[in-house]
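In: structure for this input, please:
(2 chains)
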There are 2 protein chains.
Amino acid sequence: MTPRFDADGLVTCIATDAKSGDVLMVAHMNAEALARTIATGQAWYYSRSRRSLWRKGETSGHVQRVLEMRIDCDQDAVWIKVEQAGAGACHTGRRSCFYRAVPLGKSGAVTLEFTEGKTFDPTSVYHDR
Amino acid sequence: MTPRFDADGLVTCIATDAKSGDVLMVAHMNAEALARTIATGQAWYYSRSRRSLWRKGETSGHVQRVLEMRIDCDQDAVWIKVEQAGAGACHTGRRSCFYRAVPLGKSGAVTLEFTEGKTFDPTSVYHDR
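Out: Numbers count the residues shown, from 1 in each chain, chains lettered A, B, ... in the order given. Down below sits the predicted model:
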């Protein structure tokens, strides 16, 4: 494997729910996060905003067990199928970060539609954000 | 909707197969590609390497009809569920760009495993690459 890290040393990672197939989140991995994910079978990411490595669920308990990892044709993106622990993957309290639908067939300003409610109270699980 | 474009004016787009749930490809959209995708219900992207807008399938015929679009919590990534026309989405001749598996539980050098063969001959459909 020869991952093609971008100028910031990152590849894109898409995490899907192994059961439902839904996209749970999109995040980034640096070489260390990628190596730890492969070695441990748990999802590690690199936070661009916090500039630090993090193990998904280290604060919330919502860890992701990686059942399968794929890499794309140009090796700048990985897809992991995960078993999501706890109520959800999103820091806003939803199962998936993609909880708003964009209506199609429109031009001009677009109003988002909420597709799912919160499954947990984020203030009760994310204490350091 | 207030998409958060990066420094290059792009958001990340994940296209999944509406039937199988498989991730077909990851690409980028600028404001124009996003607007055209929403307006037409067909996937438009922005190629970073060619620095141009492109409609998926304009050369290959492998168009993507967008059945649903979602946007994530921080609005820098969109997820589209598509009906993929033709034999596949990947320019290498596979249905999905994610045709290689990364074995888990290893450290050090990792050898990729091919999970699926070619479903079409890319030289017969991509004439301008």
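
In: any idea how far residue A:117 is from residue A:100?
Out: From residue A:100 across to residue A:117, the span is 12 Å (Cβ to Cβ, to the nearest Å). For glycine as for every other residue, the C-beta is placed from the backbone atoms N, C-alpha and C.

In: neighbour count: the two, which is higher?
Out: Neighbour count, other Cβ atoms under 10 Å in any protein chain shown: between residue A:100 and residue A:117, residue A:100 has more, with 19 against 9.

In: I'd say that one and residue A:113 touch.
Out: Yes: using Cβ atoms under 8 Å, residue A:100 makes contact with residue A:113 at a distance of 6.5 Å.

In: pLDDT of stretch A:112-127, averaged?
Out: Taken as a whole, stretch A:112-127 carries a mean pLDDT of 85.

In: does chain B sit close to that stretch?
Out: Yes: using Cβ under 8 Å from any Cβ of the partner chain, stretch A:112-127 reaches chain B at A:112, A:115.

In: do stretch A:21-40 as well
Out: Yes: applying Cβ under 8 Å from any Cβ, one finds stretch A:21-40 in contact with chain B at A:21-23, A:25-26, A:35, A:38-39.

In: mind exporting the C-alpha coordinates of that stretch to CSV?
Out: Listed next in CSV are the C-alpha coordinates belonging to stretch A:21-40 (Å, rounded to 0.1, in the frame of the first residue of the first chain):
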residue,chain,number,x,y,z
GLY,A,21,-24.6,0.8,4.7
ASP,A,22,-25.3,4.5,5.7
VAL,A,23,-22.4,6.9,5.5
LEU,A,24,-21.8,7.8,9.2
MET,A,25,-19.0,10.4,8.8
VAL,A,26,-16.2,11.7,6.7
ALA,A,27,-12.9,12.5,8.4
HIS,A,28,-9.2,12.5,7.8
MET,A,29,-6.3,10.2,8.7
ASN,A,30,-2.6,11.0,8.7
ALA,A,31,0.0,8.2,8.4
GLU,A,32,-0.1,7.5,12.2
ALA,A,33,-4.0,7.3,12.3
LEU,A,34,-4.0,5.0,9.3
ALA,A,35,-1.3,2.8,10.8
ARG,A,36,-3.1,2.6,14.2
THR,A,37,-6.4,1.9,12.6
ILE,A,38,-4.9,-1.0,10.6
ALA,A,39,-3.0,-2.4,13.5
THR,A,40,-5.8,-2.1,16.1
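
In: quote the end-to-end distance of stretch A:47-54.
Out: Distance between the two ends of stretch A:47-54: 7 Å, counting by Cα to Cα, to the nearest Å.

In: please tell me how far the nearest residue to residue A:98 once chain neighbours are set aside sits from residue A:97.
Out: Nearest non-adjacent residue to residue A:98, counting by Cβ to Cβ, 6 or more residues apart in numbering or on different chains: residue B:70, 3.8 Å away. Applying Cβ to Cβ, the value for residue B:70 to residue A:97 is 9 Å.

In: where do the strands sit along chain A?
Out: A:11-17, A:23-29, A:44-47, A:52-55, A:64-71, A:77-84, A:100-101, A:113-114 (DSSP state E).

In: these: lowest mean pLDDT?
Out: strand A:113-114 (a mean of 88).

In: pull up the pairing partners for that one, direction included.
Out: Strands that pair with strand A:113-114, judged by DSSP bridges, come out as strand A:100-101 (antiparallel).

In: run through the bridge partners of the residue nearest to residue A:98.
Out: Beta-bridge partners for residue B:70, by DSSP bridges, are residue A:101, residue B:79.
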